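Colleague: Predicted structure and sequence below. I'll ask about it afterward.
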Amino acid sequence: MTGFSSVSRETDGVSAGVTVKSVNHRFLDIQVKAPSALAGLEARIKSLIQQRLTRGRVEIALSCDDTTEPTREVTLNETLVSQVQAVVDAARAKGLVSGGLTASDLLRIPHALEIRLAPAAGVPEAASAVVEAAVIEALDALVVMRETEGGFLAADLDRRVQTLLTFVDTVEAGAAAGQAALDARLRERLAAMPADLQGDPVALSQELVRYVARSDVHEEISRMRGHVEHWRALADGPEPCGRKLDFLVQEMNREINTIGSKAEGLAVTALIVSAKAELERVKEQVQNVE
């Protein structure tokens, strides 16, 4: 199911941003985009997503900035200063200069002193907490959006499944009429046969019954109705059911194919075509279900 959310949080000098989007996918596929400083949080972020979602391709982008004054360190290039000191000492011995190196002199010597940011020691615990809180808030918003879409999706699927059930009722009546018509046609043809070709009436009657019974779709109709009831139980339940509904669609398709191959009558054939078209629409929509 699709969804999108974006959250920014700032606490104790730490600014975190989280963007989450999800699109339809048969399974749960998580993609985390984060700076190297947050790489250690990836496993925790995936765990949070797995606790809330079971299906869909989820892309989450993280950012984190420390808004406090950064720590700096000052380093002295001792080799360079020693070389300068040696030159100054030699010049002083020759009477060319007087005095020694001072702090002011060091500041004026290029590359003698270097002021740089202290290397980061990883993401502070406080920053990790801010990022995690932002992720949880973003996931909450994403779930709300997906649930809203899910409500519309559930209503659409319920209408389509009801349409399928209507097809089943109509097919059942049409198949029974087709079966009766087949029995009547065969009996008429048997009655029209010459007496010397009719054979044993009892054996012919038994064979006729067996032949007509091959077009009986009562068992498939019952299973189809059972699949619909199972569908509604899953759809009304509290647990994620997308994969189970996907499996039920396959079973429904199998029953419809069997009914189409067994049932008699052109009217039934037309109904089967319509039922398969509607089931195909259901199959496409089920891919969006959590």
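Modeller: Yes, it's here.
Colleague: for the stretch 51-200 of the chain, what spans make up the strands?
Modeller: With strands called from DSSP state E, counting those that start in this stretch, the stretch 51-200 of the chain shows them at 56-66, 72-76, 113-117.
Colleague: what about those strands, which gets the closest to residue 278?
Modeller: strand 56-66 (25.0 Å; C-beta to C-beta). C-betas here are computed from N, CA, C, even on glycine.
Colleague: which of the residues in the closest one are buried?
Modeller: Neighbour counts over strand 56-66 (16 or more other C-beta atoms under 10 Å) mark 56, 57, 58, 59, 60, 62, 63, 64, 66 as buried.
Colleague: ranges for the helices of the stretch 51-200 of the chain?
Modeller: In the stretch 51-200 of the chain, the segments counted as helices under DSSP state H, counting those that start in this stretch are 78-93, 103-108, 125-192, 195-198.
Colleague: By mean pLDDT, show me the worst of those.
Modeller: Lowest mean pLDDT within the helices of the stretch 51-200 of the chain: helix 195-198, at a mean of 56.
Colleague: care to break this structure down by domain?
Modeller: The chain resolves into domains spanning 3-68+124-145, 72-117, 146-286 when parsed by automatic domain parsing.
Colleague: now, of the ones you listed, which is deepest in the fold?
Modeller: For the domains of the chain, average neighbour numbers computed from mean count of other C-beta atoms under 10 Å are highest in domain 3-68+124-145, which has a mean of 17.
Colleague: Distance of the residue nearest the centre of the chain relative to residue 21?
Modeller: Geometric centre of the chain, nearest residue: residue 56, 0.7 Å, by C-alpha atoms, centre = their mean. Residue 56 sits 10 Å away from residue 21, taking C-beta to C-beta, to the nearest Å as the criterion.
Colleague: Now the common contact residues for these two.
Modeller: residue 2 (C-beta atoms under 8 Å, 6 or more residues apart in numbering).
Colleague: I'd guess residue 26 is in a helix, am I close?
Modeller: No - using DSSP: H, G, I helix; E, B strand; the rest coil, the assignment for residue 26 is coil, not a helix.
Colleague: OK, contacts around it?
Modeller: Per C-beta under 8 Å, 6+ apart, neighbours of residue 26: 55, 243, 246, 287.
Colleague: what does the model give it for pLDDT?
Modeller: 79.
Colleague: Spell out which residues sit in contact with the closest residue to residue 139 other than its chain neighbours, please.
Modeller: Closest residue to residue 139 apart from its sequence neighbours, by C-beta to C-beta, 6 or more residues apart in numbering: residue 52 at 5.0 Å. The neighbourhood of residue 52, defined by C-beta under 8 Å, 6+ apart, consists of 139, 142, 143.
Colleague: and of those residues, the nearest to residue 25?
Modeller: Closest to residue 25 out of the contacts of residue 52 is residue 142 (14.4 Å), distances taken as C-beta to C-beta.
Colleague: can you tell me how far that closest one sits from residue 3?
Modeller: Going from residue 142 to residue 3 by C-beta to C-beta gives 5 Å.
Colleague: Can you check which residues contact both of these two?
Modeller: Shared between the contact lists of residue 142 and residue 3 (criterion: C-beta under 8 Å, 6+ apart) are residues 20, 21, 22.
Colleague: give me phi/psi at the second one?
Modeller: Backbone dihedrals for residue 21, given as degrees, to the nearest 10, come out at phi -140, psi 150.
Colleague: Thought residue 30 was touching it, still the case?
Modeller: No - using C-beta atoms under 8 Å, residue 21 is not in contact with residue 30, being 11.8 Å away.
Colleague: overlap in contacts of the two?
Modeller: Counting by C-beta under 8 Å, 6+ apart, the shared contacts of residue 21 and residue 30 are residue 58.
Colleague: before we move on, back to that, can you add distance to residue 171 and give the strands of the stretch 51-200 of the chain back as JSON lines?
Modeller: Shown next, in JSON lines, are the strands of the stretch 51-200 of the chain (distance: least, C-beta to C-beta, whole Å):
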{"stretch": "strand 56-66", "distance to residue 171": "35"}
{"stretch": "strand 72-76", "distance to residue 171": "80"}
{"stretch": "strand 113-117", "distance to residue 171": "75"}
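Colleague: Take those strands and lay them out in CSV including mean pLDDT.
Modeller: Below are the strands of the stretch 51-200 of the chain laid out as CSV (pLDDT from 0 to 100):
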stretch, mean pLDDT
strand 56-66, 88
strand 72-76, 83
strand 113-117, 79
